[in-house]
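Trainee: coordinates only, sequence not included:
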């Protein structure tokens with residue numbers, strides 16, 4: 001019995017070590033002071049970013065956590081807390097009210113595109129589109145991607161322009177590109 005328990009402990013220790021070693025070998029990108037692991041999904045990573053607490057709170061309030069944990073793949077243009085701070089005073093509070101759930105969901109889904117598009121994919125689409133690429137969001141609207149030097153810009157139909165500040169944050173179910181502005185449907 002003692003030998004069996006020792007063997008079980010040895011196997012469990014080996015599995016734990018292998019998991020830790022795997023996590024340490026992943027190519028991570030730091031966002032908001034935390035490593036983003038490609039083996040984790042969008043939600044599992046986003047909750048650790050200090051720069052995305054407003055976005056995470058909004059996703060939870062909108063009931064979209066389960067959707068963003070599915071296989072996807074998704075491309076998420078993730079606004080930072082500073083991006084939300086640029087909205088007119090009271091906008092975030094207004095959207096977080098239960099009676100505005102549908103509006104909040106629409107705004108958040110406007111930042112999500114079905115498919116996994118790396119920065120290089122987006123650049124290639126812009127080049128092929130002679131300077132711009134149009135992406136259909138899961139909210140049904142369109143985002144326009146352009147390139148200015150080595151920066152990618154994402155524009156909404158209202159004229160808001162977001163710059164991708166951190167690109168290619170790969171996840172198990174897609175990719176996140178951090179943006180400095182909230183785009184609106």
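Mentor: In hand now; what should we look at? Worth saying up front: this structure is predicted, and the values here are computed from it rather than measured.
Trainee: after the least confident helix or strand in the chain by mean pLDDT, next one along is what?
Mentor: Lowest by mean pLDDT, DSSP states H and E among the helices and strands of the chain is helix 2-25, with a mean of 44. The helix or strand immediately downstream of helix 2-25 is strand 29-31, counting by DSSP states H and E.
Trainee: that following strand: what's the following helix or strand?
Mentor: Using DSSP H and E, the helix or strand that follows strand 29-31 towards the C-terminus is strand 34-36.
Trainee: which residue is the nearest non-sequential neighbour of residue 103?
Mentor: Once flanking residues are discounted, residue 103 sits nearest to residue 95: 6.0 Å by CB to CB, 6 or more residues apart in numbering. Any C-beta I mention is one placed from the backbone N, CA and C, and that applies to glycine too.
Trainee: in contact with residue 132, which residues?
Mentor: With contacts defined as CB atoms under 8 Å, 6 or more residues apart in numbering, the neighbours of residue 132 are 126, 144-146.
Trainee: save those residues as CSV, and put in distance to residue 181 too.
Mentor: Listed next are those as CSV, based on distance: CB to CB, whole Å:
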residue, distance to residue 181
126, 18
144, 13
145, 14
146, 14
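Trainee: which of the residues you listed has the most neighbours?
Mentor: The residue in the contacts of residue 132 with the most neighbours, by other CB atoms under 10 Å, is residue 145 (24 neighbours).
Trainee: quick check: it touching residue 161?
Mentor: No. Look at residue 145 against residue 161 with CB atoms under 8 Å: they stay out of range, at 10.7 Å.
Trainee: identify the contacts common to these two.
Mentor: By CB under 8 Å, 6+ apart, residue 145 and residue 161 have these common neighbours: 153-155.
Trainee: mind listing which of the residues you listed are in strands?
Mentor: Mapping the shared contacts of residue 145 and residue 161 onto strands (DSSP state E) picks out 153-155.
Trainee: top of the residues you listed by neighbour count?
Mentor: Counting neighbours by other CB under 10 Å, the top entry in those is residue 154, with 24 neighbours.
Trainee: so which residues of this structure form helices?
Mentor: Ranges of helices within the chain are 2-25, 42-46, 53-61, 65-68, 81-85, 91-96, 101-109, 119-128, based on DSSP state H.
Trainee: in the last one, which residues are buried?
Mentor: Using 16 or more other CB atoms under 10 Å as the test for burial, helix 119-128 gives 119, 121-123, 125-126.
Trainee: who touches that helix?
Mentor: For helix 119-128, the external contacting residues (CB under 8 Å, 6+ apart) are 117, 132-133, 145-147, 152, 164, 167-168, 177.
Trainee: chain center to that helix, what's the gap?
Mentor: 19 Å (CA atoms, centre = their mean, to the nearest Å).
Trainee: for the chain, which strand extends over the most residues?
Mentor: If you go by DSSP E, the chain has its longest strand at strand 161-171.
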